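> Provided below are the primary sequence and the corresponding predicted coordinates.
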Amino acid sequence: MTVRATKRGSERTSLDGDRADVIVCGASFGGLAVARELAGCGAHVVVLDRYEIGERQTSACACPTPWLTAMGVGAAIRQELPFMSFTTPHGSVRYRLPWSWSAFDYRELCELLWDQCGEARFETATVAGRGDAGPGGDIVVRTDRGDLSAPFVIDALGWRRVLSAPHYQPPDDPLSRGLEVHPPQDLSGDALDVWVERGVARRGYGWRVPAGDEVRIGALSYDPRKAVKQEVVELAGRLDREAIGFQGNWFPHRLREATDAGVFFVGDSAGHCLPLSGEGIRTAFYFGVAAGREIRSALSGEQERASALARYSAFHERHRRAFSWALALQRLIPALPPRALTLAFRVIGRQRLVDRSFGWYLDKAHPSFASPRRVAEPAGEPVAPGHARRAA
């Protein structure tokens with residue numbers, strides 16, 4: 001269990017009445033991507049989180065390698081995985097991907113992102129919600145250390161969507177749940193392994209992610225009412241690993257609104273977690289970069305705040321079709337007869353189809369979007385990416 005390293009005693013000063021140009025609530029993938037995009041713009045940026053940066057890992061921490069390189073955090077990679085395997089009760093297939101996954105160290109990745117955030121200031125504080133509008137239309141953020149305000153506020157606090165009302169709560173909202181363990185391993189493995197078996201998760205899947213000196217073994221359920229701890233323990237036992245180092249979280253599987261009452265929502269708070277796969281790290285980077293660019297443009301006087309909000313929302317909405325397709329597949333695949341699903345995996349296993357399908361998947365949030373761009377260029381216009389280079 002994570003031990004919070006929040007400021008205590010004389011270090012825990014009041015933040016009440018502090019005003020910034022930008023307040024970023026949440027110091028994980030999405031929030032740090034926004035702050036990184038604002039580096040060097042001259043704005044007073046405050047980042048808030050209840051935990052220290054990099055302190056609380058809640059995901060399997062695997063991401064397409066090209067995204068980690070594009071974000072300048074390649075040093076956090078612990079193991080590159082150029083293959084994926086899919087196992088059903090009737091067989092297994094193994095794909096060589098047109099790009100690779102990489103497992104990374106969460107704390108180091110967050111610290112590497114923070115190093116790119118320029119003069120941004122970080123404070124440990126628990127965000128409780130928003131208050132009444134401040135002077136000049138500022139948004140007031142309520143925390144356990146007092147109320148802060150800014151004209152630009154980002155909610156990157158995760159699935160609860162704290163700065164919106166009402167908040168999301170399981171099990172009644174469209175959320176999935178995941179749990180994993182972290183036993184030690186011997187640095188072996190070159191694939192991200194997936195089990196699509198009803199004995200592992202009736203509506204979901206199990207996984208194994210080699211990550212240097214540990215292996216991350218877990219299960220995901222698309223049904224928020226279905227706990228998966230027993231399934232994770234059984235899968236770890238099946239792989240001759242001890243079920244130790246539990247961690248888990250809820251995450252959305254339906255796209256939400258990107259803005260609400262003047263607040264930008266990024267990452268899980270906006271539903272930026274791809275249905276079916278449950279992947280949310282690169283999409284948090286992707287939409288964090290987009291939000292940061294619109295805010296930066298507004299801070300420089302190139303557009304008004306209302307325009308920045310509208311453009312970011314439009315960018316978000318242009319991805320709704322892809323998210324809807326993924327949600328349809330999330331509903332379809334668990335309903336397929338296992339033999340039919342096994343056959344489908346084998347058909348897709350032809351290399352040309354692997355390249356096309358996984359290339360399409362990466363293109364939905366392509367790493368080329370993270371490349372430096374002119375401030376005047378609209379962040380709302382998608383990049384024409386092409387496919388990533390095949391992993392060596």
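Sure, I can see it.
> now Leu192: how far from Asp173?
For Leu192, the distance to Asp173 equals 28 Å [CB to CB, to the nearest Å]. (C-beta placed from N, C-alpha, C; glycine too.)
> more neighbours, the two?
Leu192 (25 against 17; other CB atoms under 10 Å).
> for that one, what are its contacts?
Applying CB atoms under 8 Å, 6 or more residues apart in numbering, we find Leu192 in contact with Ala62, Leu81, Phe83, Met84, Ser85, Trp101, Trp207, Arg208, Val209.
> And Arg305, by the same measure?
Arg305 sits in contact with Pro151, Phe152, Gly262, Ala298, where contact means CB under 8 Å, 6+ apart.
> Also Ala258?
Phe264, Phe265, Ala270, Phe287, Tyr312, Ser313, Phe315, His316, Glu317.
> Looking at those residues, spot the one nearest Arg198.
Taking CB to CB as the measure, Arg198 lies nearest Ala270 of the contacts of Ala258, at 31.2 Å.
> in the sheet, who's paired with Ile77?
On the basis of DSSP bridges, Ile77 is bridged to Phe104.
> Kindly state the pLDDT recorded for it?
At Ile77, the model reports a pLDDT of 97.
> Just to check, it is in contact with Phe104?
Yes: here Ile77 reaches Phe104: they are 5.1 Å apart, a contact under CB atoms under 8 Å.
> So for those two, which sits in the more crowded spot?
The neighbour comparison of Ile77 against Phe104 (other CB under 10 Å) goes to Phe104, with 25 against 21.
> residues contacting Val127?
By CB under 8 Å, 6+ apart, Val127 lies in contact with Cys25, Gly26, Leu48, Arg50, Val141, Arg142, Thr143, Leu157, Val162, Leu163.
> how about a cut-off of 10 Å?
23, 25-26, 48-50, 141-144, 148, 153, 155, 157, 160, 162-163 (CB atoms under 10 Å, 6 or more residues apart in numbering).
> follow-up on the earlier one: which of the contacts of Arg305 sits closest to Gln247?
Minimum distance to Gln247 across the contacts of Arg305 is 31.9 Å, recorded for Phe152 (CB to CB).
> and the closest residue to the closest one other than its chain neighbours, how many neighbours?
The shortest distance from Phe152 to any non-neighbouring residue, by CB to CB, 6 or more residues apart in numbering, is to Val22 (4.4 Å). Number of residues near Val22 (other CB under 10 Å) recorded here: 25.
> With Pro151 as the reference, measure out to Val22.
With distances taken as CB to CB, Val22 is found 8 Å from Pro151.
> mind listing what the closest residue to Glu214 other than its chain neighbours touches?
Spatially, and ignoring its direct neighbours in sequence, Glu214 is nearest to His182 (4.9 Å; CB to CB, 6+ apart). By CB under 10 Å, 6+ apart, the contact set of His182 is 57, 60, 209, 211, 214-218, 236, 241-247.
> Having no further points to raise, I will conclude here.
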